[in-house]
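Visitor: Sequence below, structure please.
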Amino acid sequence: MKQKKILITGSSNGIGRAIALELANSLNHLILTWNKDIDGAKETSRLAEKKGSKTEIYNLNLEDEKEVSDFCDEINSLSGPDILINNAAIAQKKDFMELSNKDWDTVLSANLRAPFQLCQSFIPNMKENQWGRIVNISSIGGQWGGIHQVHYAASKAALINLTKSLAKIYSKDNISITSVAPGIIDTRMTRETLGHLPKDLLSQIPSGRLGTAQEVASTVKFLCSDEAAYLTGTTLNLNGGMHFNS
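Guide: Okay, the predicted model is just below:
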């Protein structure tokens, strides 16, 4: 099998780390990005290399358009990735009437504009190779809205539509482009955003529990495989039964 180069944004912990470790093996070369937690990124790299992967880690602020552009140029100069996982995102809990333009721009820049830039930069290499996988990590909030995270929900809804649009354009080039919409996953970001996990929250989940980062990672691994080549443009709901329609 040909070695695959895989780029995963936001790999310091949580879902990003779980995806990296799920895809780590001697045939995969992982490019891992981090923003604020270099120690976490180094630990992800160490664990992935222990499983046989070659790894590289890059500091990348997805809010900075030029920084993302420069990063893409650097990665493309060394041959772009075969697989792109747009995982990194910013969440902010704030009432709608209190949102500032800066709040809106910050969240939309990281959660939507940056994935757009990465896709636009790396698809040409995938198209030339006639093989590629892009998995965008969206959210249940992008499907049913968010009362206290309107800007986050809007960005994740747009990410789902970006997935559909790109799949219509590039599926003919053997590039499968999909998204995963996790429900409430037990991660540090979830706990920091919610502040706590009230009992009534679990009562809203038919499965009766939070999802795990490993469950998201296993889904992403399938979407990156040859077995999922005919699955494109769709959003897989991973939410314990909270929402059924994409």
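Visitor: Pull the contacting residues for Ile8.
Guide: By Cβ atoms under 8 Å, 6 or more residues apart in numbering, Ile8 lies in contact with 16, 19-20, 23, 30-33, 85, 87. Every C-beta, even on glycine, is put in place using the N, C-alpha and C of the backbone.
Visitor: just Ile185 next, same as before
Guide: Listed by Cβ under 8 Å, 6+ apart, the contact partners of Ile185 are 14-15, 210-213, 215-216.
Visitor: of all the residues you listed, which comes closest to Asp95?
Guide: Proximity of those to Asp95 (Cβ to Cβ) peaks at Leu210, which lies at 24.5 Å.
Visitor: is it true that the closest one touches Asp186?
Guide: Yes - using Cβ atoms under 8 Å, Leu210 is in contact with Asp186, at 4.1 Å.
Visitor: Which one of the two is surrounded by more residues?
Guide: Remark: of Leu210 and Asp186, Leu210 carries more neighbours, 18 against 14, as counted by other Cβ atoms under 10 Å.
Visitor: any idea how far that one lies from Gly142?
Guide: As judged by Cβ to Cβ, to the nearest Å, Leu210 and Gly142 stand 18 Å apart.
Visitor: before we move on, back to that, among the contacts of Ile185, find me the one that's closest to Gln117.
Guide: Nearest to Gln117 among the contacts of Ile185: Ile15, at 20.6 Å, using Cβ to Cβ.
Visitor: same for whatever helix or strand that closest one lives in, what does it pack against?
Guide: If you go by DSSP states H and E, Ile15 is part of helix 14-23. The contact analysis (3 or more Cβ pairs under 8 Å, 6 or more residues apart in numbering; DSSP states H and E) places helix 14-23 against strand 4-8, strand 28-34, helix 38-50, strand 83-86, helix 213-223.
Visitor: Among these, which comes closest to Ser176?
Guide: helix 213-223 (7.2 Å).
Visitor: could you give the mean pLDDT of the closest one?
Guide: Here helix 213-223 scores 97 as its mean pLDDT.
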